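Student: Have a look at this fold, sequence not included:
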């Protein structure tokens, strides 16, 4: 089974949102989104719905998903020119417990890349995560 048709529009929307991020975060985010959507292309219906729910924007769940959260943070950044913007959220222990070991490893890699002090984020093709 393939992911529902709305996945393509959501994918495009997220990449458009990333254009407002700082360059290093945009590159990191684009790479991650592309990998995740590619991995879930052939997901079963239940997994596809869960996957899309975590990524899509919804008026009913404005802060509970990636696209809505990034949109909100971009808007806040535009309104608050004094302070440096902070993107993302802290994951709760409950949320972390829902992840598979592979996902925890991937999050650790993303965190390491995103928090390197005074270094440009380098993006390289990582074949280790391919199925």
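Tutor: Structure received. This one's a predicted model, so the numbers in the text were calculated from it and none came from an experiment. Numbering: from 1, shown residues only.
Student: now stretch 40-53, how far from the chain's geometric center?
Tutor: 15 Å (C-alpha atoms, centre = their mean, to the nearest Å).
Student: do the same with stretch 20-33
Tutor: 9 Å.
Student: What's the mean pLDDT across that stretch?
Tutor: Stretch 20-33 shows a mean pLDDT of 88.
Student: list the buried ones in stretch 31-41?
Tutor: Residues of stretch 31-41 classed as buried by neighbour count (16 or more other C-beta atoms under 10 Å): 31-33, 36-37, 40. Every residue, glycine included, has its C-beta placed from N, CA and C.
Student: Tell me the one of these nearest residue 54?
Tutor: Nearest to residue 54 out of the buried residues of stretch 31-41 is residue 36 (C-beta to C-beta; 9.6 Å).
Student: What distance do you get for the closest one to residue 102?
Tutor: Separation of residue 36 from residue 102 (C-beta to C-beta, to the nearest Å) stands at 12 Å.
Student: same thing with residue 30?
Tutor: From residue 30 to residue 102 the distance is 21 Å (C-beta to C-beta).
Student: who's more crowded, those two?
Tutor: Set residue 30 next to residue 102 and count neighbours by other C-beta atoms under 10 Å: residue 30 wins out with 16 against 10.
Student: which residues touch that one?
Tutor: 15, 18 (C-beta atoms under 8 Å, 6 or more residues apart in numbering).
Student: On the three-state scheme, it is what?
Tutor: Secondary structure, DSSP: H, G, I helix; E, B strand; the rest coil: residue 30 is helix.
Student: Let me have the buried residues of stretch 31-41 in a markdown table, extended by distance to residue 91.
Tutor: Below are the buried residues of stretch 31-41 laid out as a markdown table (distance: C-beta to C-beta, whole Å):
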| residue | distance to residue 91 |
| --- | --- |
| 31 | 20 |
| 32 | 15 |
| 33 | 17 |
| 36 | 16 |
| 37 | 20 |
| 40 | 19 |
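Student: farthest pair in those?
Tutor: Checking those with C-beta to C-beta, the most distant pair is 31 and 40, at 15.4 Å.
Student: And the helices in the protein?
Tutor: 6-18, 23-39, 45-55, 66-79, 93-97, 101-114 (DSSP state H).
Student: Switch those over to CSV; also include distance to residue 87.
Tutor: Conversion of the helices of the chain to CSV gives the following (distance: least, C-beta to C-beta, whole Å):
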stretch, distance to residue 87
helix 6-18, 10
helix 23-39, 6
helix 45-55, 15
helix 66-79, 5
helix 93-97, 17
helix 101-114, 9
